[in-house]
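A.B. asks: Predicted structure and sequence below. I'll ask about it afterward.
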Amino acid sequence: QGLGTGSGVVMTEDGYLITNNHVVDGGSAYKVTIAGNTYDAELVGTDPSSDVAVLKAKDASGLTPMEIGDSDNLTVGEWVMTLGAPFGLEQSVATGIVSATSRSQIMSAQESMQSGGTGEVTIYPNMIQTDAAINPGNSGGALLNSKGEVIGINEAKYADEKVEGVGYAIPISHA
C-alpha cells in the first residue's frame, strides 16, 4: 500500500500517541513527526470498532503530552478547535463549536475501502459532532476545548462531499 498520512495526539513524555485505526490500518512501517523531529514508530495496539490506535515513537523522550479534558460534560455550542495536518498542511488549526453529542456515524463499505479500511460497514457510536473543519489528514488529531485540553480524537467528516461543517470526533473518555 502507498504512503498515507494522518495526525496523532502525544499522550506520554516517552512517545505514546493515539490516532485513528483507519490512519494506520494496512501499514507495515510507521514514522511520526513531533516538534520537527521524525521517529520510527511501532504500532502498539488497535481497536477497529472504535477506530482508535496507539503508536509508540521509538527512542522518544522529553515530549510534552497534551492535557486531557472532560468529554462527558460537553455543551452544545461550546467552542472547540481541531488540530492536525489536513491535506498535508502540518500544524493547522480550525475553530468551531460542538454541534451535537452522542451521534452515531456509519461508515459504509465503500467509504471504508476509500480510507484504507476493511471494506465493511462500521458504526461508531457516541461521537462528538462539530462544525470545526475535519478534512483528510486531520484524522487522529486532537479536538480541543477552549482551555486547550483534548476532548476528542478527530475521526471523519460527513461522507457527502457537498456537505460542509459536519465532522465527527471520538470522545476522549472513550478513546
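C.D. replies: Now that the structure is in, tell me what you want to look at.

A.B. asks: Can you name the helix or strand that Thr75 falls in?
C.D. replies: In this structure, Thr75 sits in neither a helix nor a strand according to DSSP states H and E.

A.B. asks: what sits against it?
C.D. replies: With contact set as Cβ atoms under 8 Å, 6 or more residues apart in numbering, Thr75 has these partners: Val98. No exception for glycine: its C-beta is placed from N, CA and C like everyone else's.

A.B. asks: begin at 48 from here
C.D. replies: Okay, using 48 as the starting number, the last item reads as Thr122.

A.B. asks: what about it, distance to Lys78?
C.D. replies: In this structure, Thr122 lies at 38 Å from Lys78, with Cβ to Cβ, to the nearest Å as the measure.

A.B. asks: List the contacts of the residue nearest to Ala180 when sequence neighbours are not counted.
C.D. replies: Spatially, and ignoring its direct neighbours in sequence, Ala180 is nearest to Ala141 (3.8 Å; Cβ to Cβ, 6 or more residues apart in numbering). The neighbourhood of Ala141, defined by Cβ under 8 Å, 6+ apart, consists of Met128, Thr129, Pro133, Ala179, Ala180, Ile181.

A.B. asks: Any idea what Ala141 is bridged to?
C.D. replies: Beta-bridge pairing of Ala141 under DSSP bridges involves Thr129.

A.B. asks: How about the contacts made by Lys105?
C.D. replies: Shown in contact with Lys105 (Cβ under 8 Å, 6+ apart): Gly62, Tyr86, Asp87, Ala88, Glu89.

A.B. asks: Show me the residue sitting in the middle of this protein in space.
C.D. replies: Taking Cα atoms, centre = their mean, the centroid of the chain lies closest to Gly187, which sits 2.0 Å from it.

A.B. asks: Give the buried residues for stretch 189-203.
C.D. replies: Within stretch 189-203, the residues that qualify as buried are Ala189, Leu190, Leu191, Asn192, Val197, Ile198, Gly199, Ile200, Asn201, Glu202, Ala203, counting by 16 or more other Cβ atoms under 10 Å.

A.B. asks: roughly how far apart are the residue nearest to the centre of the chain and Leu136?
C.D. replies: Gly187 sits 15 Å away from Leu136, taking Cβ to Cβ as the criterion.

A.B. asks: And for Ile198?
C.D. replies: Distance from Ile198 to Leu136, counting by Cβ to Cβ: 23 Å.

A.B. asks: ok, now how distant is Ser151 from Ile181?
C.D. replies: In this view, Ser151 and Ile181 are 17 Å apart by Cβ to Cβ.
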